[in-house]
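[1] Provided below for reference: sequence and predicted model.
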There are 2 protein chains.
Amino acid sequence: MSSTQVHSSTQQAQYQAIDTPFLYVNKPVFINNLNQLRNKIEGLGANLRPHFKTLRSLEAAELLLPSKDSPVTVSTVKEAEALASAGYKDIVYAVGIADTKLPRIASMLTQGINVRVLLDSIEQAHQLNNFCETHGCSISALIELDCDGHRGGIAPEDDKLLEIAELLTDGAASFNGVLTHAGESYQCFDKQQLIDAAQNEVAAAVKAAERIRAANMVCDIVSIGSTPTAQSYQNLEGITEVRAGVYTFFDLVMAGLNVCQLSDIAASVVTSVIGHNADKNWIFVDAGWMALSGDRGTAEQPKDCGYGLVCDENGQVLSGLQVITVNQEHGIIQAVDGSPICLEEFPVGSRLHILPNHACATASMHAQYHVFDTDNDDYEIWNRVQGW
Amino acid sequence: MSSTQVHSSTQQAQYQAIDTPFLYVNKPVFINNLNQLRNKIEGLGANLRPHFKTLRSLEAAELLLPSKDSPVTVSTVKEAEALASAGYKDIVYAVGIADTKLPRIASMLTQGINVRVLLDSIEQAHQLNNFCETHGCSISALIELDCDGHRGGIAPEDDKLLEIAELLTDGAASFNGVLTHAGESYQCFDKQQLIDAAQNEVAAAVKAAERIRAANMVCDIVSIGSTPTAQSYQNLEGITEVRAGVYTFFDLVMAGLNVCQLSDIAASVVTSVIGHNADKNWIFVDAGWMALSGDRGTAEQPKDCGYGLVCDENGQVLSGLQVITVNQEHGIIQAVDGSPICLEEFPVGSRLHILPNHACATASMHAQYHVFDTDNDDYEIWNRVQGW
């Protein structure tokens, strides 16, 4: 969170009028995050296809995406439908497709929205071809590549890659290209490891595209991305687009990977003190897992941040304090080293900000975001698209 | 989940028409859970004050609460407001109160809704008295007791108990009684431990009430409860009411404590297979932490259920399978012992049900519940009250 989070008296009144817990967005920090990555990726000659799954807000999309033709990534059909309803036309649904979801994809196609799907098996390619043949449509698909053994996808050197590309190219569906995600980059705790993961992601995608083209098929899209690698690319030759999502808000997991600073974290949960346990040196707050999420993404990092680091109302990190326990609507704050806290400095009703471990998870707990623009003395509410 | 979950052809069509992932409620199992605990507690001579935080649905409240005068517990002001808007009149907001939340409580009082608040400090008692004096109202409060060192509250033998009760009794606010929650009962893995925790909860509350009455103050409400202890009370003499929430849906954490059977779990997440990793014997499904929550409540139990146990479409547990990893919209299912899975039995597009670790957390991820009554060939949607 910005260390310059100072509200005007109007904003201060707006801020105090919102009952806690709520998700606070520091808009200048958010916009800076958007600009930094867009400039970097476009500077390297590729398109940015931001992942909508972190924000899931159409108000946020107006800042995230320069135009209605801007490429965007989604993780649910519902996100695609929301973006389509707002006129966005170039969408990749980057989760493996099941044929049961194809009617909703086809419906968007008839509205002139290009929603590409993702698959990594001959079974799915047959399902897609069959659906397109039966329904007289042509849905475009990308093949998911496995660049680091993280989850699904096909290895670039696997012959199934060509087999699936051919099935799609020759069938009723369309083949559009390849996509990979360096999921293992979340385990890279030094700069060189991250650079290596980024280069590996590029190399895997380029190799797959070259094999496909060598087999006389078109491979228009070569898509890579994860927030850690997106910060670490040095050369994007052969890559058409980069996907990333969490860079928009950033979070403690990303700070733990040194891909951002704490001051780059644009989202925090505002919470009120609701009690103390003087014997245990605990502060109780009204942000439990309902407000923070139960995400423990920093648990396996060198610096474990519990359920979140604690800031004062001005966004200053209160060194040494963490949310150590969460229940549904209770959080417990303690000094990490067990040292005494001056509980009088945290009276019942006073406010704190909690920096999230994982911005996607924390944002998902909130139907609305409260967005403060300290540069322009502006306050607005962004609504989150919910469901699947 | 009930082993008798068999849908009529009409229900089957309704079930298939809902896109995955979604929260499925087996209504006969749910109603049985409600009846079992109500009969037990009322049979022991106390009132049941169910906790609304698990369900947060007004449609569910019609089954949970016999009448608009039935006592109910909430964990947020928003839940209280939703219940008040539906005419429920006897509400306890069982999370420590901060004075910033009092205007909304006072507003409900003026509508004839009795919303009692909870506190455990002299600071809060002064805040409440001051608010009531300033605003010319009389909000009733319960004092939170600490019966097992779990979180907050005052020990029954602490003289602060009497001091706070006097402050409230003599001040502009009202004093209504005491409340405790045996949070440590979630760690009781044998029956005798649970019975002991239940008796301890009773004893702590009764002792506090007796001390207050001995000091010539009225103590109308003596409230205890947690789902594990609620199943284990044997004598409720001196107790006026019992609170519990997760017993409505039950879950794997409760099954791990032997306070329910797997067949008592009324809520599950329906998910579709979206891919496989044959090398790793993984099934990918479209239920990630967005649908399941990231709750790992069984991690510290004798039987760790990962992110959930796996059932087929008929609700039969598929022995040995678990969701081992979740990302935002991906879950990975694997055999716990690493043995091979016949992946052909799980084609892309086929459906599975995932039993939740923690029903409160899983339900919180869904804005709607899809409720199937196989006994009456009925299907309905329940809406979840969201926010704070």
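    Here it is on my side, so go on.

[2] For the stretch 251-388 of chain A, which residues are neighbours of chain B?
    Taking CB under 8 Å from any CB of the partner chain as the contact definition, the stretch 251-388 of chain A meets chain B at A:272-277, A:282, A:284, A:286, A:289-291, A:293-296, A:327-330, A:332, A:347-349, A:360-361, A:364-365, A:367-368, A:386-388. To be clear about C-beta, it is placed using only N, CA and C from the backbone, and glycine gets the same treatment.

[3] Among these, the buried ones, what's the PyMOL command?
    Those of these that count as buried under 16 or more other CB atoms under 10 Å in any protein chain shown are selected in PyMOL with:
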select buried, chain A and resi 272+273+274+275+276+277+282+284+286+289+290+291+293+294+295+296+327+328+329+330+332+348+349+360+361+364+365+368+386+387+388
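
[4] mind listing which of the residues of the stretch 251-388 of chain A next to chain B are in helices?
    In helices, defined here by DSSP state H, the members of these are A:289-291, A:360-361, A:364.

[5] Now for these: which two are most distant?
    A:Met290 and A:Cys360 (16.0 Å; CB to CB).

[6] contacting residues for A:Gly245?
    Listed by CB atoms under 8 Å, 6 or more residues apart in numbering or on different chains, the contact set of A:Gly245 reads A:50-55, A:73, A:227, A:360.

[7] outside of the top helix by length along chain A, which residues touch it?
    Across chain A, the helix with the greatest residue count (assigned by DSSP H) is helix A:191-214. With CB under 8 Å, 6+ apart as the test, helix A:191-214 has contacts from A:143, A:145-148, A:156-157, A:161-162, A:165, A:177-182, A:184-185, A:188, A:219, A:222-226, A:228-239, A:257-259.

[8] Buried by neighbour count: which residues of stretch A:330-347 qualify?
    Quick answer for stretch A:330-347 (16+ other CB under 10 Å): A:330-335, A:341, A:343, A:346.

[9] Just put those in a markdown table and tack on distance to B:Trp382 and pLDDT.
    Shown next, in a markdown table, are the buried residues of stretch A:330-347 (distance: CB to CB, whole Å; pLDDT from 0 to 100):
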| residue | distance to B:Trp382 | pLDDT |
| --- | --- | --- |
| A:His330 | 26 | 97 |
| A:Gly331 | 28 | 98 |
| A:Ile332 | 32 | 98 |
| A:Ile333 | 35 | 98 |
| A:Gln334 | 38 | 97 |
| A:Ala335 | 42 | 97 |
| A:Ile341 | 42 | 94 |
| A:Leu343 | 41 | 95 |
| A:Phe346 | 38 | 98 |
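
[10] filter the contacts of helix A:191-214 to the buried ones?
    Neighbour-count burial (16+ other CB under 10 Å) applied to the contacts of helix A:191-214 gives A:143, A:145-148, A:156, A:161-162, A:165, A:177-182, A:184-185, A:188, A:219, A:222-226, A:228-233, A:236, A:238-239, A:257, A:259.

[11] Among those residues, name the ones in helices.
    Per DSSP H, the buried ones among the contacts of helix A:191-214 map to helices at A:161-162, A:165, A:228-230.

[12] I'd like those residues as TSV, with distance to A:Trp382 and pLDDT appended.
    Below are those laid out as TSV (distance: CB to CB, whole Å; pLDDT from 0 to 100):
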residue	distance to A:Trp382	pLDDT
A:Leu161	40	98
A:Leu162	44	98
A:Ala165	39	98
A:Pro228	25	95
A:Thr229	27	95
A:Ala230	23	95
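
[13] hmm, which two among these are most spread apart?
    Most distant of these, by CB to CB, are A:Leu162 and A:Pro228, 30.1 Å apart.

[14] what about the nearest residue to A:Cys311 once chain neighbours are set aside, neighbour count?
    Using CB to CB, 6 or more residues apart in numbering or on different chains and skipping residues adjacent in sequence, the residue nearest A:Cys311 is A:His353, 4.1 Å away. A:His353 has 26 neighbours, counted by other CB atoms under 10 Å in any protein chain shown.

[15] Kindly report the same for A:Ser85.
    Count around A:Ser85 with other CB under 10 Å applied: 13.

[16] domains of chain A?
    A:9-24+A:259-383, A:51-244 (automatic domain parsing).

[17] Now render those domains as JSON lines, adding distance to B:Ala267.
    Putting the domains of chain A into JSON lines (distance: least, CB to CB, whole Å) gives the following:
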{"stretch": "domain A:9-24+A:259-383", "distance to B:Ala267": "16"}
{"stretch": "domain A:51-244", "distance to B:Ala267": "21"}
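
[18] Can you tell me which of those domains is nearest to A:Glu42?
    Comparing these against A:Glu42 with CB to CB, the closest turns out to be domain A:51-244 (9.5 Å).
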